[in-house]
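**Q** pasting the structure only:
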């Protein structure tokens, strides 16, 4: 599957774009839309470069979701999982209860797992909780089941 424009909008909304390197909540040097590879203090980029990195990073997350998920997904489920993987990393997704439940075809319980990933360095962050709720909502979009 491929990431949709709706998914891309979700990622851009939560990542924001910064053209000068900064340290994220965990202290990782980051630039553009959450790009971390080869980022050093003082690095700058153009909007065009930030857009290119975003598409490369999304392609990586798409590949990981396609590799790890073994059940059919809706476009909204896929988009939510790509954003989650983009933000949390493939290793975290690969070892998550969210993925186990999903691969057991329990999409409802899997959706309830997103909100458990609201911490950075052991500290709950309101921004991460907001993102996880948005991912869960996207995951369940057009579903008859809603999380409480």
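**A** Yep, that arrived. These numbers come from a predicted model, not from an experiment. Residues are numbered from 1 along each chain as shown.
**Q** longest helix in this protein, please.
**A** When the chain is parsed with DSSP state H, its longest helix is helix 47-68.
**Q** may I see the buried residues of that one?
**A** Buried residues in helix 47-68, counted by 16 or more other CB atoms under 10 Å: 50, 53, 54, 57, 58, 61, 62, 64, 65, 68. For the C-beta atoms, the positions are set from N, CA and C on the backbone; glycine is no exception.
**Q** ok, then the element right after it?
**A** Using DSSP states H and E, the next helix or strand after helix 47-68 towards the C-terminus is helix 75-88.
**Q** now do the helix or strand just after that following helix: which elements does it pack against?
**A** Following helix 75-88 in sequence order, the next helix or strand is helix 90-94 (DSSP H and E). Packing partners of helix 90-94 (3 or more CB pairs under 8 Å, 6 or more residues apart in numbering; DSSP states H and E): helix 47-68, helix 75-88.
**Q** returning to that earlier point: contacts for the longest helix of the chain, please.
**A** The list of residues contacting helix 47-68 from outside it, by CB atoms under 8 Å, 6 or more residues apart in numbering, reads 1-3, 8, 11-12, 15, 17, 19, 31-35, 37, 45, 78, 81-83, 85-86, 90, 93-94, 99.
**Q** between that helix and helix 75-88, how big is the angle?
**A** Here the directions of helix 47-68 and helix 75-88 differ by 110 degrees (axes from the mean of the first three to the mean of the last three CA atoms, to 10 degrees).
**Q** show the average pLDDT along helix 47-68.
**A** Taken as a whole, helix 47-68 has an average pLDDT of 98.
**Q** now stretch 102-114
**A** In the prediction, stretch 102-114 has an average pLDDT of 96.
**Q** and what of stretch 140-148?
**A** Per-residue scores along stretch 140-148 average to 66.
**Q** tell me the buried residues in the longest strand anywhere in the chain?
**A** In the chain, taking DSSP state E as the definition, the longest strand is strand 18-23. For strand 18-23, burial by neighbour count (16+ other CB under 10 Å) applies to 18, 21.
**Q** who does it touch, helix- and strand-wise?
**A** Applying 3+ CB pairs under 8 Å, 6+ apart, we find strand 18-23 packed against strand 29-32.
**Q** give me the residues contacting the strand it packs on.
**A** Residues from elsewhere that reach strand 29-32, judged by CB under 8 Å, 6+ apart: 17-24, 36, 39-41, 43-45, 49-51, 53-54.
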